[in-house]
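Asker: Just the structure for this:
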Amino acid sequence: LHLCRARGTSSLYTVNRPFVDRFPDASRFDVQAERCIPIRSLDGVVGDPAIGSPKWIDFVKVDTQGSELDILLGARKTLGSQVVAVEVEVEFARLYESQPVFRDVDAFMVECGFTLFKLRRQEWVKRCFETRPEWTAGQLVFGDVLYLRDPLSREARWNPQNSRQAEALVLMAILYDLHDFAW
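Answerer: Have a look, this model is predicted:
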């Protein structure tokens, strides 16, 4: 784990210095220390009696500074059998070397039978405009995306396994202001 000056920018991936240095406050990505940490897949954790994980997982949120797809790949079984909604941070530009970007995450989620419903974007203004950021739209760098199961989608071919799963899907849609979908 690369521990950066701003801990929220720490990542399992190495910082892409040429990219982040284009923007103000790039020093927040300065690596202060590195740690070896044990990791396990979500599929390996779910059902492990030593951990006491919940019996059922309806919703997954992943924001891990570039390793989101790695985590989702390690949750394939759980995503396929239980989860009805996933919120995941995605990058449109590589903040970290060799990290997967949105198109990789999106392809995987579609393969798992999820449909993209929402996108909250974050643009960054380059250093040359930091005193006048209102003069430019900036570059789309990352965002949070919401994927839901869509029982009406022919491509997804998904039906709730039980009423609890259907209720969880409706609740997640309402929580994300997708009232038309919930209806």
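
Asker: quick one, longest helix in the chain?
Answerer: Ranked by residue count, the top helix of the chain under DSSP state H comes out as helix 163-175.

Asker: for that helix, packing partners?
Answerer: Here helix 163-175 touches strand 85-91, strand 139-149, helix 179-182, going by 3 or more C-beta pairs under 8 Å, 6 or more residues apart in numbering; DSSP states H and E. (Each C-beta comes from the backbone N, C-alpha and C, glycine too.)

Asker: Least confident secondary structure element in the protein?
Answerer: helix 42-45 (a mean of 91; mean pLDDT, DSSP states H and E).

Asker: Which residues does the helix or strand following it contact?
Answerer: Using DSSP states H and E, the helix or strand that follows helix 42-45 towards the C-terminus is strand 59-62. Where contact means C-beta atoms under 8 Å, 6 or more residues apart in numbering, the residues beyond strand 59-62 that reach it are 42, 68, 71-72, 75, 78-79, 83-89, 168, 172.

Asker: who does the least confident helix or strand of the chain touch, helix- and strand-wise?
Answerer: Here helix 42-45 touches helix 76-81, going by 3+ C-beta pairs under 8 Å, 6+ apart.

Asker: quick check: mean pLDDT across the helix it packs on?
Answerer: Taken as a whole, helix 76-81 carries a mean pLDDT of 94.

Asker: Next, the buried residues of it.
Answerer: For helix 76-81, the neighbour count (16 or more other C-beta atoms under 10 Å) marks 78-79 as buried.
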